[in-house]
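Chemist: sequence? don't have it. structure:
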C-alpha cells in the first residue's frame, strides 16, 4: 500500500489533469481571452487538429495565431467533455484522453458540430500540469 | 504544503460540490419528486433562468411552485452536465460553473433543447453544500 | 469524523467506480477489442438493454457474443457519459448511475442515437471494482 502522501498526491494529480482540460474548454467557450486559452499549454505545445482538417500548430506563437483566428471567426462555442481517462500518470508527465462534443456558430452564421476524442499529453510545470500535445480524433464521421 | 487534513478536506469539498449539482440533475430528470430537487437548494436560494426566458424565482416557495409546474408539464427530461469548474472554494462558500446540455419533451409533444452554462453559488450547511444561486446562460443561440 | 485511511479509501473507491464505467465506454467506442470491454465486467455479469430493445445477456460467454456482434456491425461509436452518481457504496458492493448519450453508425450506414441512464451494480474483486449488473433506461423517447 502506498503512503498517505503518495495516495493524496495521486488523487490531486488526477484531479489537476482533468481540471486543466476543463479550464481550457471553459476558456475556449468564453471566446473572450486567448491568453486564458494559452495558459493551459506549455510554450512548446503541439496542437494537432489535422484529424478534422483544422491544421497543426506548434509553439505558443502559432497557437496564439490559430486561436486569435478562431476567436475572430466564431460568435458561439459549446464544448462538452466526457469520459476523462488517464492512460499514464508518471512523476512529471501524463497521457490522458477525453471525449468532447464540440459545436459552434461563426459570425457569418455557419454551424459546426464535431464528435471527437482528444489525446492529451501533459508535463508538470512550476504552474501545475500543462498540455504539451493535443490531438483530436473524430469518433463519428465528419458530416 | 497544506496538512493532510486540509488536503483531504479540499478533495472532499470539491467532490461534494460536483455531487450536489449531479444530484439536482438526476432528480430533475427523474421527474418524480420536487422535494428531491429542492433538497439541493438553501431555503433562500435564487434560481434565475431569465437567460432562456424561464423566469427568476427566489426562496423555497417560489422554487417549489416553479418545479411543480415543470413536473406537471414535462414527460421526459435529459440533462447532460460537463466541464464542472470551481471558480472559488472558501471555508463556507463556493462558486462553480458547469456546462449542461438540457433537453426535454412536454406532455403535449413539444421538444426543447438548450446548450447552457450554469453559474452556481454554494453555501456550506449542516446538510452539506447547498446551492444558493443558480443562473443559466446560453452558450449557443436559442433556436 | 472518519479516519484518514477511511477518507482516502472512500475517495479512491468513488474515483475507481467512475473510472470503470469510463474505461468501458472508451473500449466500446474504440471498437477494437472485445476483451477490453469485457474486462469491466465480472464473469457472472448481467447486461440488460431490454429498455432499448437490445436484449438481455448474462455471463461472460453471452456478453462476448453480444459485443462481438456489435463490433462486427458498427463502424463508429461515440458514448458521452455525464452525471455519475453513487447511490450506495459499501465495503465490497456499490450501486451507481450515469447518464449516457450514445450514438453510432453501422457499416451499412444506419445511425443510432440514444439518451439513456445506466443503472450499474459493482463488486470489488482482486482486479478492482467490476460491473455485475448493467441496465439501460431511456431518458428520452426512442425515436
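Modeler: Yes, it's here. Just so we're clear, the structure is a prediction, and the values are computed from it rather than from any experiment. Residues are numbered from 1 along each chain as shown, chains lettered A, B, ... in the order given.

Chemist: Next, the buried residues of stretch A:30-38.
Modeler: A:31, A:34, A:37, A:38 (16 or more other CB atoms under 10 Å in any protein chain shown). To be clear about C-beta, it is placed using only N, CA and C from the backbone, and glycine gets the same treatment.

Chemist: orientation of the top helix by length along chain A relative to helix B:4-30 in degrees?
Modeler: Counting by DSSP state H, the longest helix found in chain A is helix A:4-30. For helix A:4-30 against helix B:4-30, the angle by axes from the mean of the first three to the mean of the last three CA atoms, to 10 degrees is 50 degrees.

Chemist: buried sites along helix A:4-30?
Modeler: A:7-8, A:10-11, A:13-15, A:17-29.

Chemist: pLDDT averaged over whatever helix or strand comes next after that helix - what is it?
Modeler: Using DSSP states H and E, the helix or strand that follows helix A:4-30 in sequence is helix A:34-38. Mean pLDDT, computed over helix A:34-38, is 98.

Chemist: Report the buried residues of stretch A:101-108.
Modeler: Using 16+ other CB under 10 Å as the test for burial, stretch A:101-108 gives A:101, A:102, A:103, A:104, A:105.

Chemist: in what helix or strand does the second one lie?
Modeler: This points to residue A:102. strand A:93-106.

Chemist: Please name the strands paired to the next helix or strand after that strand in the sheet, noting orientation.
Modeler: Heading C-terminal from strand A:93-106, the first helix or strand you meet, by DSSP H and E, is strand A:111-125. Note on strand A:111-125: by DSSP bridges, its sheet partners are strand A:93-106 (antiparallel), strand A:128-138 (antiparallel).

Chemist: okay, those in CSV with mean pLDDT and distance to residue B:112 next?
Modeler: Formatted as CSV, the strands paired with strand A:111-125 follow (pLDDT from 0 to 100; distance: least, CB to CB, whole Å):
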stretch, mean pLDDT, distance to residue B:112
strand A:93-106, 98, 17
strand A:128-138, 98, 28
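
Chemist: Just put those strands in a markdown table and tack on distance to residue A:48.
Modeler: Formatted as a markdown table, these follow (distance: least, CB to CB, whole Å):
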| stretch | distance to residue A:48 |
| --- | --- |
| strand A:93-106 | 14 |
| strand A:128-138 | 4 |
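
Chemist: Residue A:54: what's it in contact with?
Modeler: residue A:136 (CB atoms under 8 Å, 6 or more residues apart in numbering or on different chains).

Chemist: Get me the contact residues on chain A for chain C.
Modeler: Proximity of chain A to chain C is confined to A:4, A:7-8, A:11, A:14, A:80, A:82-86, A:97, A:99, A:101, A:115, A:117, A:139-141 under the rule CB under 8 Å from any CB of the partner chain.

Chemist: one more time with 6 Å, if that's ok
Modeler: A:7, A:11, A:82, A:83, A:85, A:99, A:101, A:115, A:139, A:140 (CB under 6 Å from any CB of the partner chain).

Chemist: So the fifth one sits against residue A:97, correct?
Modeler: Yep, that's residue A:85 we're talking about. Yes: in this structure residue A:85 lies within contact range of residue A:97 using CB atoms under 6 Å: 4.7 Å.

Chemist: how far away is the spatially most central residue of chain A from residue A:118?
Modeler: With distances taken as CA atoms, centre = their mean, the residue of chain A nearest its centroid is residue A:21 (4.8 Å). Distance, residue A:21 to residue A:118, by CB to CB, to the nearest Å: 7 Å.
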